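Engineer: With the input below, show me the fold.
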Amino acid sequence: MKIAVCFFAYGNPQAEVVDCLVRELTTGAPHVTAIYNRVGHDALVSRSRSLALSWFFADTDADVCFMLDRDIAFAPGDLLATAAKAHEGQACVGGLYALRRSSGGWASRLAGDRAVASGD
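Structural biologist: Numbers count the residues shown, from 1 in each chain. Predicted coordinates:
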């Protein structure tokens with residue numbers, strides 16, 4: 001499996017996120033290849049994501065595009081496991097974002113019965 005990692009690093013990335021990313025890309029599974037694209041030239045998230053996907057489709061032969069925001073840390077193995085699940089199911093996999101205020105709920109919506117519980 002070949003993963004194209006798009007790291008959205010506009011502004012200052014959090015050190016913990018950089019640590020997670022480096023750890024994941026340097027201690028990955030032997031059957032995984034990763035290519036890296038730092039997306040940091042535009043603060044508009046929608047335009048940055050569009051440019052990242054354009055790069056993924058036009059300029060890579062990667063199997064999976066993994067987009068990582070500068071402020072989302074993760075546990076060891078999460079990036080590889082998520083990419084493997086997306087590759088296996090030929091699916092789009094996303095994470096839920098909590099609203100920035102306390103007890104604000106989620107800044108995401110699930111599309112009916114199409115959602116799959118975490119760990120499935």
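Engineer: From here on, just use CA atoms for contacts and neighbour counts.
Structural biologist: Noted.
Engineer: Counting neighbours, what do you get for A58?
Structural biologist: Number of residues near A58 (other CA atoms under 10 Å) recorded here: 9.
Engineer: buried stuff in the one helix or strand it maps to?
Structural biologist: Per DSSP states H and E: A58 is located in helix 45-59. Neighbour counts over helix 45-59 (16 or more other CA atoms under 10 Å) mark 48-49, 52-53, 56 as buried.
Engineer: so what secondary structure elements neighbour that helix?
Structural biologist: For helix 45-59, the elements it packs on are strand 2-8, strand 33-39, judged by 3 or more CA pairs under 8 Å, 6 or more residues apart in numbering; DSSP states H and E.
Engineer: A86: what's it in contact with?
Structural biologist: Each residue near A86 by CA atoms under 8 Å, 6 or more residues apart in numbering is listed here: 64, 92-93.
Engineer: same question, D61
Structural biologist: K2.
Engineer: again, but for H41
Structural biologist: 10, 48.
Engineer: My guess is D63 contacts H87. True?
Structural biologist: Yes - the pair D63 / H87 is scored as a contact, 6.7 Å apart, by CA atoms under 8 Å.
Engineer: overlap in contacts of these two?
Structural biologist: M1.
Engineer: With only the CA atoms kept, save the worst-scoring helix or strand of the chain on mean pLDDT in PDB.
Structural biologist: Scoring the helices and strands of the chain by mean pLDDT, DSSP states H and E places helix 15-26 at the bottom, with a mean of 86. Extracted in PDB, the C-alpha atoms of helix 15-26 (Å, rounded to 0.1, in the frame of the first residue of the first chain):
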ATOM      1  CA  ALA A  15       4.900  19.500  18.300                       C
ATOM      2  CA  GLU A  16       2.900  16.400  19.400                       C
ATOM      3  CA  VAL A  17       1.400  16.200  15.900                       C
ATOM      4  CA  VAL A  18       4.800  16.400  14.300                       C
ATOM      5  CA  ASP A  19       6.000  13.700  16.700                       C
ATOM      6  CA  CYS A  20       3.100  11.400  15.800                       C
ATOM      7  CA  LEU A  21       3.700  11.900  12.100                       C
ATOM      8  CA  VAL A  22       7.400  11.300  12.200                       C
ATOM      9  CA  ARG A  23       6.900   8.200  14.400                       C
ATOM     10  CA  GLU A  24       4.300   6.800  12.100                       C
ATOM     11  CA  LEU A  25       6.200   7.400   8.900                       C
ATOM     12  CA  THR A  26       9.500   6.000  10.200                       C
END
